[in-house]
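**Student:** Can you look at this prediction? I've put the sequence above it.
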Amino acid sequence: MVAPLLIAFCVGCGTFVCKKIHDAYENNQRTKRDKYGLKSKAIDAAKEDNKKAQEESVELKKKLEDLEQKINQRNTEIQNLQEKLKDPKISSQERGELEEKLASLLASQEDDKRGKNKILDNLKKLEERIKKNNETINKAGLNPDDKH
């Protein structure tokens, strides 16, 4: 009579242990799925941000190109005015007008150079943002839990 009780007890304990192992395995799988889902979301967000940053970068590069062209044209104008001012034959009234125009061009030139520096700073920040996103993508793609 003891043997059937012992067998029933062992079967019950074995079933209990198997159930606990099964539950732990299922919980681990759920955790891995959640982790992969979060990694996937992080990768998607980083890729989307990279796309936006690339678009902003293209736009800023276009603005920078236009601004540099404007600065170069203004440099030519400034040089022409400086050459005209060297001419001793111009009247004092014309000299005053040329000096006024030159001062205005120089002020505009300084403003544009500051604008150019701001654009360059923004481009540098965008490059850093893209680099950071790429690092996030690479880190999220790595899975230290894989034991292949």
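**Tutor:** Great, that's in hand. Numbers count the residues shown, from 1 in each chain.
**Student:** Could you list the low-pLDDT ranges of this protein?
**Tutor:** 1-2, 6, 141, 143-148 (pLDDT under 70).
**Student:** Could you identify the longest helix within it?
**Tutor:** If you go by DSSP state H, the chain has its longest helix at helix 2-86.
**Student:** which other helices and strands contact it?
**Tutor:** helix 92-141 (3 or more CB pairs under 8 Å, 6 or more residues apart in numbering; DSSP states H and E). Every C-beta, even on glycine, is put in place using the N, C-alpha and C of the backbone.
**Student:** How far away from the center of its chain is the helix it packs on?
**Tutor:** How far helix 92-141 lies from its chain's middle: 19 Å, per CA atoms, centre = their mean, to the nearest Å.
**Student:** Which neighbouring elements make contact with it?
**Tutor:** On a contact count with 3+ CB pairs under 8 Å, 6+ apart, helix 92-141 meets helix 2-86.
**Student:** tell me the angle of the helix it packs on relative to helix 92-141?
**Tutor:** Using axes from the mean of the first three to the mean of the last three CA atoms, to 10 degrees, the inter-axis angle of helix 2-86 relative to helix 92-141 is 170 degrees.
**Student:** So for this structure, the centremost residue is which one?
**Tutor:** Nearest to the mean C-alpha position of the chain, counting by CA atoms, centre = their mean, stands residue 129 at 2.5 Å.
**Student:** So for that residue, what's the nearest residue that isn't a sequence neighbour?
**Tutor:** Of all residues not flanking residue 129 in the chain, residue 53 sits nearest, at 5.2 Å (CB to CB, 6 or more residues apart in numbering).
**Student:** Neighbours of that neighbour, how many?
**Tutor:** Residues lying near residue 53 (other CB atoms under 10 Å) number 19.
**Student:** so it sits right up against residue 128, yeah?
**Tutor:** No - contact criterion CB atoms under 8 Å: residue 53 and residue 128 do not qualify, at 9.7 Å.
**Student:** How far off centre is the longest helix of the chain?
**Tutor:** 11 Å.
**Student:** picking that back up, and the gap between the residue nearest to the centre of the chain and residue 69?
**Tutor:** To residue 69, residue 129 is 27 Å away according to CB to CB, to the nearest Å.
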